[in-house]
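**Student:** Quick one, fold the following:
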Amino acid sequence: MNNEGTISEQTARNLFTRDFILGFFAVFAFAAAAQALIPTLPIYLTKLGSNEREIGVLIGIAAVASLVSRLFVGGALLKFSEKSVIMAGALLSGITFLASIVFRPFWPFLIIRFLQGVALACIDTAAIASVINAIPLAMGNQRWFEWIEKETKGAVKIKPYWAGTLVSAKESIAGATSGVAYIVCISPIYEKAGIDTTRDKPAFTKARIVERHNSKYSGHSGTNSRNLEMNIET
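**Tutor:** Presented below is the predicted three-dimensional model:
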């Protein structure tokens, strides 16, 4: 219990780091610029001779590009740091905003708006991932995973899967009883019976642990390994 308190306090103190503050201002500046375009861009395009249909497409394409490209941005975040992805998005955003002054509708501007949507996906997705990794709950869980592995000398390893990707909140009990998850967070609001709601919290963590039993921890000679996965619902 004391260890958990120490982790939370330390994480809270380290939350407002230089990267966190710079990331906040980067997201704020980009969001302000992007939102400012919504009422002003149609007026600008009208003066350039665009019709209503073209204006609608040029306004909406950025949102579509942002939605689609998030799938690829998520993959990029598995290889690169959040800071790198935010910087790439900011650089792309700056280039496209300058290009929007030079180029005219329709097709060149359509490409520019598409790239602005990609920039939005990079900055927004990486910023959210950065905050999630910095908050006490996420960091506390990660420290706990590392502590378990250290104390068992690598005999037990936990690999996290976030946001209900292994077991959803409504499937906590079923996931535990079926063996899909060995550590779960029970959400009483989704369960009909068998839970003391006065002693449990409404939502926390669900996990599947991957264990490795060696002679020290299993009581048997040799090594018996099983692949273990962990899912955290935040």
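**Student:** Quick check: the gap between Val184 and Pro39.
**Tutor:** Noted for Val184: a distance of 47 Å to Pro39, by CB to CB, to the nearest Å. For glycine as for every other residue, the C-beta is placed from the backbone atoms N, C-alpha and C.
**Student:** Counting residues, name the longest helix you see in this protein.
**Tutor:** Longest helix in the chain, counting residues (DSSP state H): helix 18-47.
**Student:** in the protein, what spans have low per-residue confidence?
**Tutor:** 1-15, 134-141, 160-163, 182, 187-234 (pLDDT under 70).
**Student:** still on that earlier bit, for the helix or strand just after the longest helix of the chain, which residues meet the burial criterion?
**Tutor:** Downstream of helix 18-47, the first helix or strand assigned by DSSP states H and E is helix 52-77. Neighbour counts over helix 52-77 (16 or more other CB atoms under 10 Å) mark 54-55, 57-58, 61-62, 65-66, 69-70, 73, 76-77 as buried.
**Student:** Likewise for stretch 93-103?
**Tutor:** With burial defined by 16+ other CB under 10 Å, the residues of stretch 93-103 counted as buried are 93, 96-97, 100.
**Student:** of all those residues, which comes closest to Ala127?
**Tutor:** Taking CB to CB as the measure, Ser93 is the one of the buried residues of stretch 93-103 closest to Ala127, at 12.8 Å.
**Student:** surely that closest one meets Ile123?
**Tutor:** Yes: the criterion here is CB atoms under 8 Å, and Ser93 meets it with Ile123 at 7.1 Å.
**Student:** Include secondary structure and distance to Trp107 when you put the buried residues of stretch 93-103 into TSV, please.
**Tutor:** Shown next, in TSV, are the buried residues of stretch 93-103 (DSSP: H, G, I helix; E, B strand; the rest coil; distance: CB to CB, whole Å):
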residue	secondary structure	distance to Trp107
Ser93	helix	20
Thr96	helix	15
Phe97	helix	18
Ser100	helix	13
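**Student:** Closest one to Gly49 out of these, please.
**Tutor:** When these are compared against Gly49 (criterion: CB to CB), the nearest one is Ser100, at 15.5 Å.
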